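*Asks:* with the input below, show me the fold.
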Amino acid sequence: MPLVTPSKKKSAPAGTLESLNPATGDVVGSVSTITPDQVQGIVSEVEAIQPAWAELTPEDRAVYMRRAATVLLDRLDETAELLTAEQGKPIAESYTMELVPSIDALRWCAKEGPKILRDEKIRFPQAIFKTKRSRFRFEPIGVVGVIAPWNYPWTIPMQEIAIALMAGNGVVLKPASLTPLLGEAIQRVFEDAGFPQGLVRTVHGGGQVGDALTRSSVGKVFFTGSVPVGYKVGEECARLMKGCVLELGGKDPMIVLPDANLDFAVSGAVWGGFANAGQTCSGIERAYVMEEVSERFVDGVVSAAAALRVGDPTRTDTEIGPMVSEDQYELVCELVDDAIANGAERRCGGPVEIEGFSGNFIAPTVLTGVTHEMRIMKEEIFGPVLPIMTVRSEQEALEKANDSEFGLGASVWTGDRQRGERIAGRIESGMVWINDHMFTHGACQCSWGGVKDSGLGRSHSKFGFYECVNLKLITYEPGLTRNFWWHPYDETFSQAIRSSARLLYGKSGQKVEAIKHGAGPLLEIGKRVTRRGN
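*Replies:* Sure thing, here's the model as predicted:
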């Protein structure tokens, strides 16, 4: 058990990675690291165990998934405390945004996985294939590598691991270096649920260990992290002819229309923009509000944001915890300072000191007077900052929303569902929520992923399962007749083919002509195919 009594930070010995509490700076615990050269050996060990797991039926694997859900439920409180200690999110969000969704995902995999993984029969409407029987079979990839982020260090890897395991794979998890203890805790959930020992392994180290995992013999890589590193992962996987799923961040827009329920939209903006101290790939990072309601919306958001409680994340009434690290804190401050220097107005928030805590805290910050030339409207903020921009038309809102290299999620706030869906269809993103934002990460039946620089592929849902399998087509022919397209080729064969095409796909006149002039060749070919073995 790597969790130890918190202590003040000291120099960690070589081969050891210490985990620090973002709120206090105390050492939460430590784990042993490995070198990049050791990664393939661990992958090979999982590869040796995985085939026996794959031999189980999906229904049998589902039993283990339900056990894992029970194990996690039994240790719900201790895991929530570890989440808050190691990542810094308020204890309430450790439950709502990490653990409860993970339990639900495990149970969803157990319930729906066997149906999704069942062989799928294929119909042949073509007359020439009527004797054939075919199906899709979903086979495990082998071992899946999961490279996890620090912002949601439990629910992101847990849901990816759950689907990979349910599909019959083994998993090697590389947690973020800021949250290694949570990676160990994830592995223990599956071990204590009775999964084969060694089917899920955790490796620790810096970026070079993640690189080594990508280069190893894992059959697929799930990576969540920055765009530059994601590109490197994608390029390496392409070189090795293996698949990858990349979730690389976002710059989610919020569009508020004049007919929106404004109180509801304000509450949605405050939660979507400031949950997890804004350290969310699919959080609201920019709001475009129609001028008819802009002033009321801004006033409402400023008032609600200023009322959020910032401080000790272990308190049940705390709503904003610390930034995960000093580097992240400095980046957020840099973007806000740049915006203000270029004409933006800070309506509330900013860096704050919390008595008794040495962590880096930022009170929810609302900016107005922003322009699309500012860095804060282009770069991922990843902090509790919401820039709000007034727009004059729906078209302007759409153009601004799509003016981004990212395309993870977006939300439209309106009282008209048809209008919302029409706008959703024009937004360049992998997900659009109407009158809500990002909640579907807690619903494993919904797909997760983006377009443009937000990534590649999908996790969660049946499409997440499809990412974790090799698709195999299996067909059967009883051999009662010969295939007419087999040898020999001759003029009769050519005439029959042309007549068949017109008879099957032509207009009524062409069909008549095909019967009139092609009956003889067609009958001759019919005789040929019924001569079994010739």
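*Asks:* list the contacts of the nearest residue in space to residue 380 that is not next to it in sequence.
*Replies:* Take residue 380 and drop its neighbours on the chain: the residue closest to it by CB to CB, 6 or more residues apart in numbering is residue 249, 5.0 Å away. Where C-beta positions appear, they are placed from N, C-alpha and C, glycine not excepted. Contacts for residue 249 (CB atoms under 8 Å, 6 or more residues apart in numbering) come out as 225, 226, 227, 281, 380, 382, 406, 408, 453, 454.
*Asks:* from those residues, list the buried ones, please.
*Replies:* Burial by neighbour count, 16 or more other CB atoms under 10 Å: within the contacts of residue 249 this picks out 225, 227, 281, 380, 382, 406, 408, 453, 454.
*Asks:* please flag which of those residues sit within helices.
*Replies:* residue 227 (DSSP state H).
*Asks:* output the buried ones among the contacts of residue 249 as JSON lines; include the columns pLDDT and distance to residue 174.
*Replies:* Shown next, in JSON lines, are the buried ones among the contacts of residue 249 (pLDDT from 0 to 100; distance: CB to CB, whole Å):
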{"residue": "225", "pLDDT": "97", "distance to residue 174": "11"}
{"residue": "227", "pLDDT": "97", "distance to residue 174": "18"}
{"residue": "281", "pLDDT": "96", "distance to residue 174": "18"}
{"residue": "380", "pLDDT": "98", "distance to residue 174": "22"}
{"residue": "382", "pLDDT": "97", "distance to residue 174": "20"}
{"residue": "406", "pLDDT": "98", "distance to residue 174": "24"}
{"residue": "408", "pLDDT": "99", "distance to residue 174": "22"}
{"residue": "453", "pLDDT": "98", "distance to residue 174": "22"}
{"residue": "454", "pLDDT": "98", "distance to residue 174": "21"}
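*Asks:* before we move on, back to that, where does the residue nearest to residue 380 fall, phi/psi-wise?
*Replies:* The phi/psi pair for residue 249 (degrees, to the nearest 10) reads phi 110, psi 180.
*Asks:* now, which of the buried ones among the contacts of residue 249 sits nearest residue 70?
*Replies:* Comparing the buried ones among the contacts of residue 249 against residue 70 with CB to CB places residue 281 closest, at 29.5 Å.
*Asks:* ok, now how distant is that closest one from residue 115?
*Replies:* To residue 115, residue 281 is 29 Å away according to CB to CB, to the nearest Å.
*Asks:* same check, this time on residue 331
*Replies:* According to CB to CB, residue 331 and residue 115 sit 44 Å apart.
*Asks:* these two - which one has more neighbours?
*Replies:* Set side by side, residue 331 and residue 115 show unequal neighbour counts under other CB atoms under 10 Å, the larger going to residue 331 at 17 against 9.
*Asks:* check the secondary structure at the more buried one for me.
*Replies:* Following DSSP: H, G, I helix; E, B strand; the rest coil, we place residue 331 in the helix state.
*Asks:* quick check, pLDDT for it.
*Replies:* Listed pLDDT for residue 331 reads 98.
*Asks:* quick one: residues contacting residue 245.
*Replies:* 160, 220, 221, 222, 223, 449, 455, 456, 457, 458, 459, 467.
*Asks:* let's see 6 Å
*Replies:* For residue 245, the contacting residues are 222, 457, 459, 467, by CB atoms under 6 Å, 6 or more residues apart in numbering.
*Asks:* pretty sure it sits in a strand.
*Replies:* Yes - the assignment for residue 245 (three-state DSSP) places it in a strand.
*Asks:* not counting its neighbours along the chain, what's nearest it?
*Replies:* residue 457 (3.6 Å).
*Asks:* number of residues surrounding the one you found?
*Replies:* Counted with other CB under 10 Å, the neighbours of residue 457 add up to 22.
*Asks:* same check, this time on the one 4 residues further on
*Replies:* Residues lying near residue 461 (other CB under 10 Å) number 21.
*Asks:* still on that earlier bit, so which of the contacts of residue 245 wins on neighbours?
*Replies:* Neighbour tally across the contacts of residue 245 (other CB under 10 Å): the maximum, 30 neighbours, falls on residue 222.
*Asks:* show me what the strand or helix carrying that one pairs with in its sheet, parallel or antiparallel.
*Replies:* With the criterion set as DSSP states H and E, the secondary-structure element containing residue 222 is strand 220-224. Counting by DSSP bridges, the strands paired with strand 220-224 are strand 143-147 (parallel), strand 243-247 (parallel).
*Asks:* other residues contacting the first one?
*Replies:* Meaning strand 143-147. Counting contacts by CB under 6 Å, 6+ apart, the residues touching strand 143-147 from outside are 43, 46-47, 50, 157, 160-161, 164, 169-174, 210, 213, 218, 220-223.
*Asks:* show me the residues you listed that map onto strands.
*Replies:* For the contacts of strand 143-147, the ones inside strands are 170, 171, 172, 173, 174, 220, 221, 222, 223, with DSSP state E as the criterion.
*Asks:* now for the fifth one: which residues touch it?
*Replies:* If I follow you right, that is residue 174. With the criterion set at CB under 6 Å, 6+ apart, residue 174 makes contact with 147, 203, 210, 213.
*Asks:* count of neighbours near the nearest residue to residue 31 once chain neighbours are set aside?
*Replies:* If you skip the residues right next to it in sequence, residue 31 has residue 180 as its closest partner in space, 4.5 Å away by CB to CB, 6+ apart. Residues within reach of residue 180, counting by other CB under 10 Å, total 28.
*Asks:* now swap in residue 473 and tell me
*Replies:* The number of residues packed near residue 473 is 9, by other CB under 10 Å.
*Asks:* elements contacting the helix or strand hosting it?
*Replies:* For residue 473, the host element (DSSP H and E) is strand 469-476. In this structure, strand 469-476 makes packing contacts with strand 133-140, judged by 3 or more CB pairs under 6 Å, 6 or more residues apart in numbering; DSSP states H and E.
*Asks:* give me the angle between the strand it packs on and strand 170-174.
*Replies:* On the basis of axes from the mean of the first three to the mean of the last three CA atoms, to 10 degrees, strand 133-140 is oriented at 40 degrees to strand 170-174.
*Asks:* sheet partners, orientation included, of strand 133-140?
*Replies:* Take DSSP bridges as the rule and strand 133-140 pairs in its sheet with strand 120-122 (antiparallel), strand 469-476 (antiparallel).
*Asks:* list the buried residues in stretch 56-74.
*Replies:* Neighbour-count burial for stretch 56-74, with 16+ other CB under 10 Å as criterion, is recorded at 58, 61, 62, 64, 65, 67, 68, 69, 70, 71, 72.
*Asks:* list the contacts of the fifth one.
*Replies:* Think residue 65. With the criterion set at CB under 6 Å, 6+ apart, residue 65 makes contact with 106, 109, 110, 166.
*Asks:* and the residue lying closest to residue 453 once chain neighbours are set aside, how many neighbours?
*Replies:* Sequence neighbours aside, residue 405 is the residue nearest to residue 453 in space, at 4.5 Å (criterion: CB to CB, 6+ apart). When neighbours are counted by other CB under 10 Å, residue 405 registers 13.
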